[in-house]
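Student: Sequence isn't available, so here's the structure alone:
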């Protein structure tokens with residue numbers, strides 16, 4: 001999750017104009033993360049932009065390989081309003097979040113990757129459904145916007161796995177949720 005130093009993941013209306021361009025090494029991390037996953041989770045609002053964005057990449061785009069990963073990986077859209085999935089390799093999860101997550105986590109397979117959006121990620125964090133976090137900390141303070149920790153009703157302790165600074169100014173903090 002890209003996050004500002006002051007804890008925002010987007011501006012008040014979802015703006016991401018404060019985000020930095022990734023350097024080559026950070027882009028390599030972003031490109032490799034999906035390789036350990038066989039399922040991608042998206043909230044409905046995020047899916048409405050995410051899916052057409054990656055399905056619309058031109059074949060000669062410099063990031064076509066990443067776009068193809070995003071199109072080809074099975075995606076589950078969490079929704080209360082959609083009746084049918086849209087886009088390639090998508091399905092819907094319409095049930096209770098805790099029940100849907102328990103079913104997914106009990107299946108055999110690789111890691112499950114979550115791309116958002118803010119409301120969906122907030123619900124996953126509040127429910128303790130995320131085992132490992134990658135925070136791409138952008139060196140900017142935006143002062144208002146969308147946050148992902150406001151639904152927490154209790155503390156969740158994390159253990160640092162790694163902290164990696166990149167030339168572009170982004171620091172990637174990788175944490176594991178302490179479950180007890």
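Tutor: Yep, that arrived. Remember, it's a predicted structure, so these values are computed and weren't measured experimentally.

Student: Which parts of this structure are helices?
Tutor: All helices of the chain, identified by DSSP state H, fall at 24-32, 44-55, 64-72, 97-105, 118-126.

Student: Packed most tightly, which of those helices would that be?
Tutor: helix 118-126 (a mean of 20; mean count of other Cβ atoms under 10 Å). The way it works is simple: take the backbone N, C-alpha and C, and place the C-beta from them, glycine included.

Student: looking only at pLDDT, what's the mean for that one?
Tutor: Averaged across helix 118-126, the pLDDT comes to 94.

Student: Next, the angle helix 44-55 makes with it.
Tutor: Relative orientation of helix 118-126 versus helix 44-55 (axes from the mean of the first three to the mean of the last three Cα atoms, to 10 degrees): 120 degrees.

Student: Helix 118-126 - contacts with which helices or strands?
Tutor: strand 37-43, helix 44-55, helix 97-105, strand 111-116 (3 or more Cβ pairs under 8 Å, 6 or more residues apart in numbering; DSSP states H and E).

Student: For the helices of the chain, could you give me JSON lines that also reports distance to residue 179?
Tutor: Below are the helices of the chain laid out as JSON lines (distance: least, Cβ to Cβ, whole Å):
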{"stretch": "helix 24-32", "distance to residue 179": "25"}
{"stretch": "helix 44-55", "distance to residue 179": "26"}
{"stretch": "helix 64-72", "distance to residue 179": "29"}
{"stretch": "helix 97-105", "distance to residue 179": "12"}
{"stretch": "helix 118-126", "distance to residue 179": "13"}
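
Student: For this structure, which residues score under the pLDDT cut-off?
Tutor: Applying pLDDT under 70 to the chain picks out residues 180.

Student: make it 50
Tutor: Applying pLDDT under 50 to the chain flags no residue at all.
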